[in-house]
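Engineer: need a 3D model of the following:
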Amino acid sequence: MIEAIIEKLLLMRLFGMAEGLREQSDAYRDLSFEERFGLLVDKEKLYRENSQIKALLSHAHLRHPNACFEDIDFRTRRGLSKDTMLKFSQNEWIRSYQNIIIIGPTGAGNYAKSYVM
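Structural biologist: As a prediction, this is how the structure comes out:
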């Protein structure tokens, strides 16, 4: 019966709910209908948000799509402090309506200022 429900969810393009239903095990049987249904709805919402982020990232044509804050090498002398970079990564400067000016030596280009592994 569960497989038939999963097939119907897939036909209705509710991929997150289908995945969530597959993941639900006997441990979920103690939950009420509303709690289980809420978990499935949350799973669908998360699936759609992740799909949207993936689509936006792919359309952005980023030079380094896999770049992440954790990969910054602070051992290289570039004058970057972990504390300052952590503040930047938390986007508080955006919420405070502040600007950031990033400078570098002539000829460094955007690559050296944007991401270096």
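Engineer: how many residues are close by residue 101?
Structural biologist: Residue 101 is flanked by 4 other residues according to other CB atoms under 10 Å. In this view, the C-beta of every residue, glycine as well, is placed from N, C-alpha and C.
Engineer: for the chain, name the helix or strand with the lowest mean pLDDT.
Structural biologist: Ranked by mean pLDDT, DSSP states H and E, the weakest helix or strand in the chain is helix 109-114, scoring a mean of 53.
Engineer: any residues touching stretch 38-56, and which ones?
Structural biologist: With contact meaning CB atoms under 8 Å, 6 or more residues apart in numbering, stretch 38-56 is reached by 14, 15, 16, 17, 19, 20, 21, 23, 24, 28, 31.
Engineer: just the buried ones from these?
Structural biologist: Neighbour counting by 16 or more other CB atoms under 10 Å classes 14, 16, 17, 19, 20, 21 among the contacts of stretch 38-56 as buried.
Engineer: show me what contacts residue 6?
Structural biologist: With contact taken as CB under 8 Å, 6+ apart, residue 6 is in contact with 18, 21, 22.
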